[in-house]
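Participant: coords below, sequence missing:
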């Protein structure tokens, strides 16, 4: 579940999308994280600075969709996430700021 990808925007910035395992203790499902940055290396550095140390982007198998690019560009932090739907029929949930994922992961780790 290490799929991810990127797209370069006309202003020469990039949007990186990564599918990561769920931070929940049961490990069911996963999350899709989007990062807007000046380049791919800075996008990954932003995630690593938040504590997601083992995050790598290999290839461009799952680049962000136009809707995902719009969502991350309209968010003030430029760093958002949502859970991956269990199947293609389920409607995806709304995007959340990354701080809610980090709080959720640390709260789950404390239990």
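Facilitator: That came through, no problem. Since the structure is predicted, the reported quantities are computational estimates derived from the model, not experimental observations.
Participant: drop to CA atoms for contacts and neighbour counts, all remaining ones
Facilitator: OK.
Participant: okay, which residue is most central for the chain?
Facilitator: Closest residue to the average C-alpha location of the chain: residue 33 at 0.7 Å, with CA atoms, centre = their mean.
Participant: and that residue, that's in a strand?
Facilitator: Yes - looking at residue 33 with DSSP: H, G, I helix; E, B strand; the rest coil, it is inside a strand.
Participant: okay, now the nearest residue to residue 85 once chain neighbours are set aside: neighbour count?
Facilitator: Among residues not flanking residue 85 along the chain, residue 92 sits closest, at 5.8 Å (CA to CA, 6 or more residues apart in numbering). Using other CA atoms under 10 Å, residue 92 has 13 other residues around it.
Participant: same check, this time on residue 70
Facilitator: Neighbour count of residue 70, defined by other CA under 10 Å: 12.
Participant: Quick check: which element contains it?
Facilitator: Using DSSP states H and E, residue 70 sits within helix 66-73.
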